[in-house]
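Asker: coords please:
(one chain, ligands or ions: 2)
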Amino acid sequence: MKIIMLGAPGAGKGTQAEKIAEKYQIPHISTGDIFRANISEGTALGKKAAEYIDQGLLVPDELVVDLVVDRIHQPDCDKGYILDGFPRTIPQAECLDKALAEMGTSVTCAIDVDVPDQAIIRRMSGRRACLHCGATYHIEYAAPEKENICDKCGSELHHREDDKEETVKTRLKVYHDQTQPLLAYYREKGMLKVVDGTRDLDEVFRSVVEILGE
Ligand code: AP5
Ligand code: MG
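Answerer: Numbering: from 1, shown residues only. Ligands and ions are numbered 1, 2, ... in the order given. The predicted model follows:
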């Protein structure tokens with residue numbers, strides 16, 4: 001099972017990907033989480049990526065593609081995986097297809113979590129993220145048990161730098177210009193599935209399970 005999560009920033013890709021990873025016991029690979037971990041560790045990749053992320057822009061394809069291709073060659077990816085936040089441009093999707101073809105396989109499906117722009121800004125302002133394990137919370141819709149502490153690993157939660165309203169607006173524009181064309185790309189291949197992401201997160205997950213099977 002090789003699944004791609006598509007959708008605008010804040011649509012709920014990470015939230016659904018975490019649930020899918022748990023139910024189907026496959027790794028959740030989030031390029032955003034990988035970059036944020038590198039930024040908090042102060043690595044060279046993190047420093048480079050932060051220049052783009054803090055402005056709401058995409059990190060250049062060449063910094064992303066090799067990282068993901070290396071990751072999907074790891075042994076824990078043998079049974080499948082869920083890619084969250086990758087691909088994000090047509091060239092990234094083409095590189096992924098090529099790498100998978102060389103491995104004798106292909107994408108199972110791409111799930112678009114569909115949420116209109118108006119609903120996004122509200123979600124981002126209440127989001128809290130664990131920079132240690134990648135878990136995502138929302139102060140209203142998915143609050144942690146203890147305020148500002150991750151339920152999963154006990155680390156402190158953060159309001160992401162790029163979740164400021166002005167930066168979110170840039171990210172939405174970048175999404176429409178560079179990432180949304182992937183919907184047509186996967187639709188033409190007969191791989192696109194769309195779920196209505198405006199509903200409660202458990203209802204969204206029920207639609208995902210209908211697509212992927214019990
Ligand atoms: P990334 O971390 O991937 O950010 P993003 O795509 O902008 O998406 P988000 O993580 O912000 O949102 P999400 O859809 O995961 O929503 P979530 O589940 O958290 O990337 C960050 C940056 O890294 C990019 O801007 C770029 O610079 C760079 N980057 C990463 N990958 C790249 C690539 N491939 N190429 C180039 N650059 C790349 O949910 C949002 C909030 O809503 C949460 O608080 C959640 O609890 C809540 N919520 C979720 N679902 C629901 C629901 N159904 N109802 C109510 N609330 C909900
Ligand atoms: Mg995310």
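Asker: Can you classify the residue in the chain that ligand 1 sits nearest to as helix, strand or coil?
Answerer: Using CB to the nearest ligand atom, G32 is the residue of the chain that sits closest to ligand 1, at 1.9 Å. Using the backbone N, CA and C atoms, a C-beta is placed for each residue, glycine as well. Secondary structure state of G32, per DSSP: H, G, I helix; E, B strand; the rest coil, is helix.
Asker: Phi, psi for the residue nearest to the spatial centre of the chain please.
Answerer: Closest residue to the average C-alpha location of the chain: D84 at 3.0 Å, with CA atoms, centre = their mean. Per-residue torsions, D84: phi -120, psi 110 (degrees, to the nearest 10).
Asker: who's in contact with it?
Answerer: 5, 13-14, 17, 28-33 (CB atoms under 8 Å, 6 or more residues apart in numbering).
Asker: do D76 as well
Answerer: Counted by CB under 8 Å, 6+ apart, D76 has contacts P27.
Asker: A135: neighbouring residues, count only.
Answerer: 21 (other CB atoms under 10 Å).
Asker: Name the nearest residue to it, sequence neighbours excluded.
Answerer: K152 (4.9 Å; CB to CB, 6 or more residues apart in numbering).
Asker: which outside residues touch the least confident helix or strand in the chain by mean pLDDT?
Answerer: Of all the helices and strands that make up the chain, helix 117-126 has the lowest average by mean pLDDT, DSSP states H and E, namely a mean of 88. Helix 117-126 is touched from outside by 8-12, 115, 138-141, 163, 165, 168-169, 172, 198, with contacts defined as CB under 8 Å, 6+ apart.
Asker: Between those residues, which sits nearest Q180?
Answerer: A8 (8.2 Å; CB to CB).
Asker: what about the helices in the chain?
Answerer: 13-24, 31-41, 44-53, 61-72, 90-102, 117-126, 165-174, 181-188, 201-212 (DSSP state H).
Asker: now those in CSV, with distance to T108 and mean neighbour count?
Answerer: Formatted as CSV, those follow (distance: least, CB to CB, whole Å; neighbours: other CB atoms under 10 Å):
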stretch, distance to T108, mean neighbour count
helix 13-24, 11, 20
helix 31-41, 19, 19
helix 44-53, 28, 16
helix 61-72, 13, 17
helix 90-102, 10, 16
helix 117-126, 27, 16
helix 165-174, 27, 16
helix 181-188, 11, 15
helix 201-212, 8, 15
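Asker: one step back: surely the residue of the chain closest to ligand 1 meets G14?
Answerer: Yes: judged on CB atoms under 8 Å, G32 makes contact with G14 at a distance of 7.5 Å.
Asker: Pull up the overlap in contacts between the two.
Answerer: Common neighbours of G32 and G14 (CB under 8 Å, 6+ apart) are 84-85.
Asker: now the residue of the chain closest to ligand 1: how far from K173?
Answerer: Distance of G32 to K173, given as CB to CB, to the nearest Å: 17 Å.
Asker: thinking again about what came up before, what is the residue nearest to the centre of the chain paired to in the beta sheet?
Answerer: Applying DSSP bridges to D84 yields these beta-bridge partners: M5, S30.
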